[in-house]
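1. here are the coordinates; sequence isn't available:
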């Protein structure tokens, strides 16, 4: 498939690009789309400050942070956001990078906080870090936070998280993600197979492992992992795509056809993937009919 990506419209664009990167981490168009979103929020932030619209500026600052604008850039706006005259009647107080964007009175448990991380993104980062410092075996939150850092390609943050998780099972997952970003895929496989997790963390470990198996040409092994994943999370279109491709490569036409059908039914956000799935479904259907 050529390296093109139809630009999605609306508020879901960032999540759609992230979804593409789950199955194709090197997709240049998705990375460019995310960067364009970041630059757009910074443009709106600059414009709001120039017009002394502090309430709007603070909102765009938070939006820029949520899509992974780097810390030095965000920090450069803090003085202006605090000192800019107000045009709005009641602007909220800006929360700086040294504070939690949302600080609950009581830190939630590991599973609950992991769910909030996946829902709210880096707005829950400080909550997660506090929990992990108090409870280093907070597996679910550790894996969810690592995934957020990977989405941002925040290598320094991943390294700090790995150090925080020293001698904990989740450290293997964080180290594997660092190895993947560094191109050390065989080493990442070793880290991922060193331990098994539970719940959503185990699904994420399996997804990363399946992707590496598939990329390394181990299609039977990848197919077994993806088959387990689609049973646990039947609405995850990326898992169905992984199963379809692995089964296709393994010449298991029936399994591949069913999986491609699921990709089309669930509507993968990348139109290139949809076109590919349709074409392979047609080709395999023809091949199945010919072989009868």
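-> Arrived safely. Just so it is clear, the structure is predicted and the values come from calculations on it, not from any experiment.
2. how close does residue 231 get to residue 240?
-> Residue 231 sits 11 Å away from residue 240, going by CB to CB, to the nearest Å. Bear in mind the C-beta positions are built from the backbone N, C-alpha and C, glycine included.
3. of the two, who's got more company?
-> Legend: neighbour count by other CB atoms under 10 Å for residue 231 and residue 240, higher for residue 240 (26 against 9).
4. quick check: nearest residue in space to the more buried one, chain neighbours excluded?
-> Once flanking residues are discounted, residue 240 sits nearest to residue 262: 4.1 Å by CB to CB, 6 or more residues apart in numbering.
5. need the three-state assignment for residue 40.
-> helix (DSSP: H, G, I helix; E, B strand; the rest coil).
6. neighbours of it, how many?
-> By other CB under 10 Å, 15 other residues sit near residue 40.
7. for the helix-or-strand element of the chain with minimal mean pLDDT, packing partners?
-> Sorting the helices and strands of the chain by mean pLDDT, DSSP states H and E puts helix 78-83 at the bottom, at a mean of 71. Here helix 78-83 touches helix 54-66, going by 3 or more CB pairs under 8 Å, 6 or more residues apart in numbering; DSSP states H and E.
8. returning to what we had before: any idea how far the residue nearest to residue 240 is from residue 129?
-> Where residue 129 is concerned, residue 262 sits at a distance of 37 Å (CB to CB).
9. neighbour count winner among the two?
-> residue 262 (21 against 18).
10. where's that one, which helix or strand?
-> Per DSSP states H and E, residue 262 falls inside helix 253-266.
11. show the average pLDDT along that helix.
-> Helix 253-266 shows a mean pLDDT of 96.
12. give me the contact list for that helix.
-> 223, 230, 235, 237, 240-241, 243-244, 247-248, 273-274, 277-278, 280-281, 284-285, 287-288 (CB atoms under 8 Å, 6 or more residues apart in numbering).
13. mind running it again at 10 Å?
-> For helix 253-266, contacts defined as CB atoms under 10 Å, 6 or more residues apart in numbering pick out 223, 226-227, 230, 234-250, 252, 268, 273-274, 276-285, 287-288, 291.
14. what subset of those residues is buried?
-> Restricting the contacts of helix 253-266 to buried positions leaves 223, 226-227, 230, 236-249, 252, 268, 273-274, 276-277, 280-281, 284, with burial counted as 16 or more other CB atoms under 10 Å.
15. and the strands in the stretch 101-250 of the chain, which stretches?
-> Remark: strands of the stretch 101-250 of the chain are absent; assignment by DSSP state E, counting those that start in this stretch.
16. quick one, helices of it?
-> Using DSSP state H, counting those that start in this stretch, the helices of the stretch 101-250 of the chain run over 110-120, 125-134, 139-152, 155-164, 169-181, 185-192, 199-215, 219-232, 237-249.
17. which of the residues in the longest one are classified as buried?
-> Within helix 199-215, the residues that qualify as buried are 200-214, counting by 16+ other CB under 10 Å.
18. and that helix, how far from the chain's centre?
-> Per CA atoms, centre = their mean, to the nearest Å, the displacement of helix 199-215 from the mean C-alpha position of its chain is 13 Å.
19. from here on, count from 457
-> New numbering, starting at 457: the last item is helix 655-671.
20. average pLDDT across it?
-> Averaging pLDDT along helix 655-671 gives 96.
21. next one: stretch 632-642
-> Per-residue scores along stretch 632-642 average to 95.
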